[in-house]
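Peer 1: Just to be clear, the model below is a prediction. Sequence and coordinates:
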Amino acid sequence: MPDQNARNEDGGSTPPADGAALSMLKGAAAVAAIAAGLLIKAAVKRSGTRVAEPDRSPGARNLTPEEIEFDAIVRAVAESSFKVRSVVTNGFNVEARFRSNSGRGTWTASFVFDPETWTYDCWVPYGANAPRFFGNEVSRRMREAAAAD
């Protein structure tokens, strides 16, 4: 049982911890946090200030329709390939992580696609066929999409 006459560092008495009191304090803190959030929302609404979306950085540029289509095709090719673990596009540049032959590791290949001819340059850490198949398939699908337009 806690000592009723315990002293804190300042020499004052420390009341014993009460579960109900702690629960009330936590509840009051939660109510205060909710109220603060609502006040901030109301202030932003009144001022007409637009809050940046959380998934976009403030300086990000808008993608062109061709870049959006390119990204969708790159992701579709990656999903259909057993060797590709992940892809990241930036304009017409692609970084793809490939599964090693053993399946225990990964390695990265970088691609730069020409949006006029859909040819590409590829940089890999060593000679491998998977990036060539990936790049050729992306090129083929982009040429088909361009011909359909």
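Peer 2: Received the coordinates, thanks. Numbering: from 1, shown residues only.
Peer 1: Now Ser86: which helix or strand?
Peer 2: Assigned by DSSP states H and E, Ser86 belongs to strand 84-90.
Peer 1: neighbouring strands for that strand, and are they parallel or not?
Peer 2: Paired neighbours of strand 84-90 in the sheet (DSSP bridges): strand 93-99 (antiparallel).
Peer 1: Report the rounded mean pLDDT for the strand it pairs with.
Peer 2: Averaged across strand 93-99, pLDDT comes to 95.
Peer 1: Next, the buried residues of the helix or strand just after that strand.
Peer 2: Per DSSP H and E, the first helix or strand lying C-terminal to strand 93-99 is strand 106-113. Applying a neighbour-count criterion of 16 or more other CB atoms under 10 Å, one finds Trp107, Ala109, Phe111, Phe113 buried in strand 106-113. For glycine as for every other residue, the C-beta is placed from the backbone atoms N, C-alpha and C.
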